[in-house]
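**Q** here is the input, now give the coordinates:
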Amino acid sequence: VYVPPGARLAFSSNVECSGDMHLSVRSSGEGATLDGKKSSNMFYISSGCSLYLEALHFVDGRGEYGGAVDVFGAGDIAMKDVSFTGCEASEYGGGM
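**A** Residues are numbered from 1 along each chain as shown. I've put the predicted structure just below:
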């Protein structure tokens, strides 16, 4: 999935990925902002799903495990030029 630079996507629920899949979410240049609006994390990655993130700014994510990205039994996780600001979890991992 390509998100144009400067775009801001607001989430009211997370995107789930599980099984033998590879999810790639990228932007370029200044990057894009993914906003949890203090009510949701943005991704739930489990059961072998692999995740690649590039040029993204996660803001105001909130979840029980992982304020921006909740990971449980995932495959490979890789990030390049990614930031987390204002993301909180009630149990573990403010960002991931």
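**Q** residue ranges with poor pLDDT in this protein?
**A** Residues of the chain meeting the criterion pLDDT under 70: none.
**Q** residue ranges of the helices in it, please?
**A** Secondary structure of the chain (DSSP state H): no helices located.
**Q** can you pull out the strands in it?
**A** 8-10, 15-18, 22-26, 32-35, 43-46, 50-59, 62-65, 69-72, 77-85, 88-92 (DSSP state E).
**Q** report all helices and strands that the shortest one contacts.
**A** Put plainly, it is strand 8-10. In terms of contacts (3 or more Cβ pairs under 8 Å, 6 or more residues apart in numbering; DSSP states H and E), strand 8-10 is packed against strand 32-35. (C-beta placed from N, C-alpha, C; glycine too.)
**Q** direction included, what does the strand it packs on pair up with?
**A** Paired neighbours of strand 32-35 in the sheet (DSSP bridges): strand 8-10 (parallel), strand 50-59 (parallel).
**Q** pull the residues that contact it.
**A** Residues outside strand 32-35 that contact it (Cβ atoms under 8 Å, 6 or more residues apart in numbering): 3-11, 42, 55-61, 68.
**Q** still on that earlier bit, return the most buried member of the strands paired with strand 32-35.
**A** strand 50-59 (a mean of 20; mean count of other Cβ atoms under 10 Å).
**Q** the inter-axis angle of it versus strand 22-26?
**A** Relative orientation of strand 50-59 and strand 22-26, computed by axes from the mean of the first three to the mean of the last three Cα atoms, to 10 degrees: 30 degrees.
**Q** strand 50-59: how far from the chain's middle?
**A** A distance of 6 Å separates the C-alpha centroid of strand 50-59 from that of its chain, computed with Cα atoms, centre = their mean, to the nearest Å.
**Q** swap in stretch 88-96?
**A** So, by Cα atoms, centre = their mean, the centroid of stretch 88-96 is 12 Å from its chain's centroid.
**Q** end to end on it, go ahead and measure it.
**A** 9 Å (Cα to Cα, to the nearest Å).
**Q** quick one: buried residues of it?
**A** Neighbour-count burial for stretch 88-96 flags 88-89, 93-96 (criterion: 16 or more other Cβ atoms under 10 Å).
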